[in-house]
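Colleague: Based on what follows, work out the 3D shape:
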Amino acid sequence: MERPVITALADLLRRHVPLSKSRLETMALLTVGMIGARTVNLVHVADERGAGAVDPASTYRRLQRFFQHVRLPGDWAAPMIARLAGGAQKRTLVMDRTTWKIGERHVNILVLAIRTRHSQVPLMWTVLDRAGHSETPDRIALLERYGALFGQDSIDMLLADREFVGAGWFNWLTQNDIPFTIRIAHNRLVTRADGCRVKLATQITHHKRGRHCTATFDGMDRPLHFAALKPKDGVGDRGHQPHRPRRARHLPQTLGDREPVRQHQDPRPQLRGHPPDRSGQAAPAHRPRRPRRRLVRPRRQNLPRPRRPAP
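Modeller: Down below sits the predicted model:
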């Protein structure tokens, strides 16, 4: 591990972290060591410093004292991460949840990240003490922590997946004037302005009505604006493209006098009839299919090559 790298990182951390010079160097040593060792095991992190410079046992004890005596406040790294990710006045935030399992223990983390040009950088998070989806109080508490540091006026847009839905959640976002774009399923029931409850897919996928509408969820105070985006290739997920042709097992095998529906085929009616003959009798609805001709190629014969005459 090179000394200039640790010194440069310690100088960068000095602007954001209120620690002494020795503690900042230990934090830089810990950060660079975890990246090099690809683990959080302090024994392997201490070995990354190199046996020629300092005894690894001394480095290991130094890292232990750092975790024993240093107490950093919650969300201490959020201002530093936000400044390094881009000090814009308006930020696009992404809320997501990640979960995995260590033995019999569920590790469930609710994350709030900053969207940059090429990726999302985690800003702050909450470790949930249970498995499964997050609840509205967990999401509100995470955004309130963000607002205490940066202010809710700094949120340009909040992006989230279809897990983060609910009338109480949407009411809190609209009451705090937080703009959001959240995916939802196409079969959700909404209430139109005339009081009629309909499925959302019937309002945003009709070619005459367009791909956007204004409706209200059950239990909400204000109406929301819904929009549907059509993929360029015409193939998407069923939750966002209700016109996707379903599989054959969800449809009858025949459509009257038409051809049977096959997998990945458009299930809309396709008439295959033929005009009547000159004699006045109608032609059959289906022409008999010709059997495929199987092309048989001759096998290549391995003949001996002719020898060249000696010069």
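
Colleague: What is the helix or strand of the chain with the lowest mean pLDDT packed up against?
Modeller: Every helix and strand in the chain was compared by mean pLDDT, DSSP states H and E; the lowest is helix 201-204, with a mean of 81. The helices and strands touching helix 201-204, judged by 3 or more CB pairs under 8 Å, 6 or more residues apart in numbering; DSSP states H and E, are strand 212-215, strand 224-227. The way it works is simple: take the backbone N, C-alpha and C, and place the C-beta from them, glycine included.

Colleague: buried sites along the last one?
Modeller: To tie it back to what came earlier, the one meant is strand 224-227. 224, 226 (16 or more other CB atoms under 10 Å).

Colleague: Distance from it to the middle of the chain?
Modeller: Counting by CA atoms, centre = their mean, to the nearest Å, strand 224-227 is centred 21 Å from the centre of its parent chain.

Colleague: Which elements pack onto that strand?
Modeller: Packed against strand 224-227 by the contact rule (3+ CB pairs under 8 Å, 6+ apart) you find helix 201-204, strand 212-215.

Colleague: quick one on the thing from earlier: so which of the helices and strands packed on helix 201-204 gets nearest residue 14?
Modeller: Among these, strand 224-227 comes nearest to residue 14, with 46.1 Å by CB to CB.

Colleague: Quick one: mean pLDDT over that closest one.
Modeller: Averaging pLDDT along strand 224-227 gives 87.

Colleague: And stretch 99-114, by the same measure?
Modeller: Mean per-residue pLDDT for stretch 99-114: 90.

Colleague: same check, this time on stretch 163-177
Modeller: On average, stretch 163-177 scores 92.

Colleague: try stretch 15-27
Modeller: Stretch 15-27 carries an average pLDDT of 89.

Colleague: Endpoints of that stretch, how far apart?
Modeller: Taking CA to CA, to the nearest Å, stretch 15-27 runs 14 Å from one end to the other.

Colleague: just stretch 184-199 next, same as before
Modeller: End residues of stretch 184-199 are separated by 12 Å (CA to CA).

Colleague: Quick check: buried residues in that stretch?
Modeller: Under the neighbour-count criterion of 16+ other CB under 10 Å, stretch 184-199 has 184, 186, 188, 190 buried.

Colleague: Distance of the residue nearest to the second one when sequence neighbours are not counted relative to residue 190?
Modeller: If the residues on either side of it in the chain are set aside, residue 186 comes closest to residue 201, at 4.0 Å by CB to CB, 6 or more residues apart in numbering. Note on residue 201: its distance to residue 190, by CB to CB, to the nearest Å, is 10 Å.

Colleague: hang on, the earlier thing: in the least confident helix or strand of the chain, what's buried?
Modeller: For helix 201-204, a neighbour-count test (16+ other CB under 10 Å) marks 201, 203-204 as buried.

Colleague: Please apply the same query to stretch 28-44.
Modeller: For stretch 28-44, burial by neighbour count (16+ other CB under 10 Å) applies to 28-34, 37, 42, 44.

Colleague: In JSON lines: those, plus secondary structure and distance to residue 91.
Modeller: Shown next, in JSON lines, are the buried residues of stretch 28-44 (DSSP: H, G, I helix; E, B strand; the rest coil; distance: CB to CB, whole Å):
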{"residue": "28", "secondary structure": "helix", "distance to residue 91": "27"}
{"residue": "29", "secondary structure": "helix", "distance to residue 91": "31"}
{"residue": "30", "secondary structure": "helix", "distance to residue 91": "28"}
{"residue": "31", "secondary structure": "helix", "distance to residue 91": "24"}
{"residue": "32", "secondary structure": "helix", "distance to residue 91": "28"}
{"residue": "33", "secondary structure": "helix", "distance to residue 91": "31"}
{"residue": "34", "secondary structure": "helix", "distance to residue 91": "27"}
{"residue": "37", "secondary structure": "helix", "distance to residue 91": "33"}
{"residue": "42", "secondary structure": "helix", "distance to residue 91": "35"}
{"residue": "44", "secondary structure": "helix", "distance to residue 91": "36"}
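
Colleague: Any idea how many residues pack against residue 153?
Modeller: For residue 153, the tally of surrounding residues (other CB atoms under 10 Å) stands at 11.

Colleague: any idea of the pLDDT on it?
Modeller: 91.

Colleague: List the residues that contact it.
Modeller: Residues in contact with residue 153 (CB atoms under 8 Å, 6 or more residues apart in numbering): none are found.

Colleague: is residue 124 in a bridge, and if so with what?
Modeller: Beta-bridge pairing for residue 124 (DSSP bridges): residue 112.

Colleague: so it makes contact with residue 76?
Modeller: No - using CB atoms under 8 Å, residue 124 is not in contact with residue 76; the gap is 10.2 Å.

Colleague: So which of the two has more stuff around it?
Modeller: Of the pair residue 124 and residue 76, residue 124 is the one with more neighbours under other CB under 10 Å, namely 20 against 11.

Colleague: dump the residue contacts of that one.
Modeller: Residue 124 is in contact with 75, 78, 111-112, 142, 145-146, counting by CB under 8 Å, 6+ apart.
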